[in-house]
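S.K.: A structural model of the following input is requested.
(2 chains)
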Protein chains: 2
Amino acid sequence: MKREETLRVQIGSVGIGGDCPVSVESMGRIHPSRIENCLTEIGAAACAGSEIFRIAVPDNTALSGLIEVKKKTPLPLIADIHFRPDIALQAARAGIDGIRINPGTFKDSGKYDQLIDIMHDNQQVLRLGANTGSLPPHHRQKERVKALFESITEALELPEKKGFRQIILSAKSTDIDETIQIYDWLAHSFPYPLHVGLTEAGEGTEGIVKSVIALGCILQKGLGNNIRVSLTSSDPVLESRVAVQILKSLGLRSKGIEVISCPTCARTKGDVVSFVREIKKEIASIHSPKPLKLAIMGCEVNGPGEAREADIGLAFGKSTALFFVRGKVVKTVQQQNALLELLDMLNSMIRKNA
Amino acid sequence: MKREETLRVQIGSVGIGGDCPVSVESMGRIHPSRIENCLTEIGAAACAGSEIFRIAVPDNTALSGLIEVKKKTPLPLIADIHFRPDIALQAARAGIDGIRINPGTFKDSGKYDQLIDIMHDNQQVLRLGANTGSLPPHHRQKERVKALFESITEALELPEKKGFRQIILSAKSTDIDETIQIYDWLAHSFPYPLHVGLTEAGEGTEGIVKSVIALGCILQKGLGNNIRVSLTSSDPVLESRVAVQILKSLGLRSKGIEVISCPTCARTKGDVVSFVREIKKEIASIHSPKPLKLAIMGCEVNGPGEAREADIGLAFGKSTALFFVRGKVVKTVQQQNALLELLDMLNSMIRKNA
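M.R.: Sure, this is the predicted structure:
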């Protein structure tokens, strides 16, 4: 899939745009004044695959916390700031890697100019992030996609005049079609990398499916340089996992160890569901430099077929498990020994590949 | 989104293809000899949005069970049969609504002819379903998409010669790109409606994301008349929900009551996550003939904006919840009363809409 060309910016250690891989951002739930909890949250998001972490900074206590968090964070940070130009200026001066503002945040404050100058000097990244929920008042009466586009265009005037190019754009709607439309429009109007998300996607399966459809469609067109999945949940782990899985599914991130498994049916022999959960728990901590495919199949219909196509496959029989390695039957073991056997074979394959 | 034209077939009460809406199929996990458990499973799938139910019939006990299940099922049934032409013939004679066979199932049995005749007389639907895991041996050495296509073409010869047109086609791979390719090829080669799925998508978030990407891409092209999401799980409820949500997200099924909600962050006031879970539990049993949008927002940034766009919105304040109805602030209540208030407003809106 060809990616649309954009400028490249650098947020801490992570490049966005240009020929950098599409990266994953997630956002904290914890007020950054709770410094240790906030760092724990960042660590969990990083383990789940997030590469950039955004934190809302609604007040001065939050800013003081953020500055402490910045000293120990494993991920580059973006301060998310609304209503408070003064806090944005302080966050920029404090060297936070990136700052996200709403196009309306600096309206008439006279301080936008200062912010750009500080960020220019510090080589920080500014994300201009419009959102259907927080459009500036004078844009609210318009058709929403147009309003998002025009509020971004307006916010770009000053930085462009000053030659500041360390910019990322985003424009999020709760509506999938609007989201697809606005990113198309942005990509074909401006040279800046795009942060892509569907805002307020909601909770659970509903939120996941809506996000995957919207982000999948946009990424498939070659658009988008950084993504965030916005799920209503108490921590950023699930949204990070979903985002990573979107990238893997579209071939935009190495698949690592992929597990394919049958849905089970009246033919199933053995407890495929528990087995797959067990093996996924085990491989979460195993790193394979090359992509590997495991197939866990419950019967003789698709089982041997899929197992044959995988790097390591197993098809359950009545009380046994038949193992395949790249198409060849290698052994049959009792089902209760299958998990350990599979892990042994996997680890030895990774050692040989390395 | 324009749908590709196809023939129309009828499986029990459900039309597939033609101008029928895209329908959802799911598949049983329970051996159909456990008749009551099987019926409970079908009921749960139906409540979760499935409209057609497929059951694997590996042996004669399964067939006897299926015939009993058929007498009481709320959903049309498809018997999924491999290796056993004799069972397929009996299932057809017993009047099961549809039969799914692998292209290879009848190879050299001399009984394919009989099956077509019975199904023709009974106006039953035959699904020719190829799968990368169970390709007939003489197709296995080919590139997989080509093998899927050729095995379908081969299996179509006899029914086409006999003028039998009650056919649905499917060709599933575990690979997303292959799946998108093969459905494109089938849609542009044959007039029959398509059952679409990604086979062995796997478990949990990984399985959901892979399925949504593959099915989303295919449906977005206007292809596909019936879908199944194949998730490794112990019942068909989750896969039904995911399938329905895919259709809703693409505007292919009425959205009913849609809940948008923010992911929460350091700005959040009130427990949005629990509130959204509660409200979703409550509305699961409320039917709205017209689509309605609820917005549950945790703060003052996007909160009032999104809440304004929704039919009913609420934005949490420090200890209060601010209610909007289609853009107008209607009242402020204490957070502990917000759930009941929202349900009251929702029910009264549905009564007025009706």
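S.K.: element containing A:K281?
M.R.: Here A:K281, judged by DSSP states H and E, is contained in helix A:272-283.
S.K.: Without its sequence neighbours, what residue ends up closest to A:G216?
M.R.: In this structure, A:G216 finds its nearest non-sequential neighbour in B:I213, 4.7 Å apart by C-beta to C-beta, 6 or more residues apart in numbering or on different chains. Any C-beta I mention is one placed from the backbone N, CA and C, and that applies to glycine too.
S.K.: my read: the one you found touches B:I176, true?
M.R.: Yes: if you go by C-beta atoms under 8 Å, B:I213 and B:I176 touch, sitting 5.8 Å apart.
S.K.: Look up the residues that both of these two are in contact with.
M.R.: A:S249, A:L250 (C-beta atoms under 8 Å, 6 or more residues apart in numbering or on different chains).
S.K.: neighbour count winner among these two?
M.R.: Neighbour tally, B:I213 and B:I176, criterion other C-beta atoms under 10 Å in any protein chain shown: the higher count belongs to B:I213, 27 against 22.
S.K.: got the angle for the strand or helix carrying the more buried one vs helix A:204-220?
M.R.: Assigned by DSSP H and E, B:I213 belongs to helix B:204-220. Going by axes from the mean of the first three to the mean of the last three C-alpha atoms, to 10 degrees, helix B:204-220 is angled at 60 degrees with respect to helix A:204-220.
S.K.: hmm, which helix or strand of chain A has the shakiest average pLDDT?
M.R.: helix A:303-309 (a mean of 77; mean pLDDT, DSSP states H and E).
S.K.: Check which helices and strands it sits against.
M.R.: For helix A:303-309, the elements it packs on are strand A:292-297, strand A:312-316, strand A:320-325, judged by 3 or more C-beta pairs under 8 Å, 6 or more residues apart in numbering or on different chains; DSSP states H and E.
S.K.: Could you tell me the average pLDDT over the shortest one, please?
M.R.: If I follow you right, that is strand A:312-316. The pLDDT scores in strand A:312-316 average 91.
S.K.: Then the last one?
M.R.: Averaged across strand A:320-325, pLDDT comes to 92.
S.K.: what's next to that strand, contact-wise?
M.R.: A:270, A:303-304, A:307-308, A:310-316, A:329-335, A:338, A:341-342, A:345, A:349.
S.K.: Which parts of chain A belong to which domain?
M.R.: Using automatic domain parsing, the domain parsing of chain A gives A:8-249, A:257-353.
S.K.: mind checking the end-to-end distance for the longest one?
M.R.: Read it as domain A:8-249. One end of domain A:8-249 sits 24 Å from the other (C-alpha to C-alpha, to the nearest Å).
S.K.: State the mean pLDDT of it.
M.R.: 94.
S.K.: near chain B, which residues of the stretch 1-150 of chain A?
M.R.: Residues of the stretch 1-150 of chain A found near chain B (C-beta under 8 Å from any C-beta of the partner chain) are A:27-32, A:55-58, A:62, A:80, A:82-83, A:102, A:131-135, A:140, A:144.
S.K.: Any figure for the gap between the residue of the stretch 251-354 of chain A found nearest chain B and B:S211?
M.R.: Closest to chain B within the stretch 251-354 of chain A is A:N302: 2.8 Å, counting by C-beta to the nearest C-beta. Separation of A:N302 from B:S211 (C-beta to C-beta, to the nearest Å): 16 Å.
S.K.: So the two - more neighbours on which side?
M.R.: When A:N302 and B:S211 are compared for neighbours, B:S211 comes out ahead with 29 against 25, by other C-beta under 10 Å.
S.K.: So the more buried one versus chain A, what's the distance?
M.R.: 9 Å (C-beta to the nearest C-beta, to the nearest Å).
S.K.: so that residue makes contact with B:L231?
M.R.: Yes: with contact defined as C-beta under 8 Å, B:S211 counts as touching B:L231 (7.0 Å).
S.K.: Return every residue with contacts to both of these two.
M.R.: Counting by C-beta under 8 Å, 6+ apart, the residues touching both B:S211 and B:L231 are B:A201, B:V242.
S.K.: before we move on, back to that, which of the domains of chain A has the highest mean neighbour count?
M.R.: When those are scored by mean count of other C-beta atoms under 10 Å in any protein chain shown, the highest mean neighbour count falls to domain A:8-249 (a mean of 21).
S.K.: returning to that earlier point: now the residue of the stretch 251-354 of chain A closest to chain B, nearest residue through space, not along the chain?
M.R.: Closest to A:N302 by C-beta to C-beta, 6+ apart is B:G133, at 2.8 Å.
S.K.: Where do the helices of the stretch 101-250 of chain A begin and end?
M.R.: Ranges of helices within the stretch 101-250 of chain A are A:112-122, A:144-161, A:176-187, A:204-220, A:237-249, based on DSSP state H, counting those that start in this stretch.
S.K.: For the residue nearest to A:G216, give its distance to B:H188.
M.R.: For B:I213, the distance to B:H188 - C-beta to C-beta - is 21 Å.
S.K.: same deal with A:P291?
M.R.: 31 Å.
S.K.: Could you check which residue of the stretch 51-200 of chain A lies nearest chain B?
M.R.: A:G133 (2.8 Å).
S.K.: Next to chain B, which bits of the stretch 251-354 of chain A? Give me the list.
M.R.: Going by C-beta under 8 Å from any C-beta, the residues of the stretch 251-354 of chain A near chain B are A:251, A:258-268, A:272-273, A:276-277, A:280, A:295-297, A:299, A:301-306, A:309.
S.K.: show me the residues around A:V237 that make contact.
M.R.: A:A44, A:A45, A:C47, A:A48.
S.K.: Out of those, name the ones that lie in helices.
M.R.: Using DSSP state H, the subset of the contacts of A:V237 located in helices is A:A44, A:A45, A:C47.
S.K.: quick check, nearest of those residues to A:D117?
M.R.: Closest to A:D117 out of the ones in helices among the contacts of A:V237 is A:A45 (31.5 Å), distances taken as C-beta to C-beta.
S.K.: contacting residues for the closest one?
M.R.: A:S26, A:G28, A:F53, A:L75, A:D235, A:P236, A:V237, A:S240.
S.K.: do the same with A:P21
M.R.: Contacts of A:P21 (C-beta under 8 Å, 6+ apart): A:L252, A:R253.
S.K.: Could you check which helix or strand contains it?
M.R.: A:P21 belongs to no helix or strand, assigned by DSSP H and E.
S.K.: go on, A:G95?
M.R.: Counting by DSSP H and E, A:G95 is part of no helix or strand.
S.K.: ok and the helix holding B:I213 relative to helix B:176-187, angle-wise?
M.R.: Using the same axes, to 10 degrees, helix B:204-220 lies at 30 degrees relative to helix B:176-187.
S.K.: Now do helix B:204-220 and helix B:237-249, the angle between them.
M.R.: Using the same axes, to 10 degrees: helix B:204-220 against helix B:237-249 is 40 degrees.
S.K.: Helix B:204-220 packs against which elements?
M.R.: Secondary-structure packing of helix B:204-220 (3+ C-beta pairs under 8 Å, 6+ apart): helix A:204-220, helix A:237-249, helix A:272-283, helix B:176-187, strand B:195-196, helix B:237-249.
S.K.: need the ones you listed in a markdown table with distance to B:G18, can you?
M.R.: As requested, those are exported to a markdown table (distance: least, C-beta to C-beta, whole Å):
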| stretch | distance to B:G18 |
| --- | --- |
| helix A:204-220 | 25 |
| helix A:237-249 | 31 |
| helix A:272-283 | 37 |
| helix B:176-187 | 14 |
| strand B:195-196 | 15 |
| helix B:237-249 | 17 |
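S.K.: returning to that earlier point: spatially, which two of the contacts of A:V237 are the most separated?
M.R.: It's A:A45 and A:C47 that sit farthest apart of the contacts of A:V237, by C-beta to C-beta, at 7.4 Å.
S.K.: Could you tell me the angle between the strand or helix carrying A:A79 and helix A:112-122?
M.R.: Using DSSP H and E, the element containing A:A79 is strand A:77-81. Strand A:77-81 and helix A:112-122 are oriented at 180 degrees to each other (the same axes, to 10 degrees).
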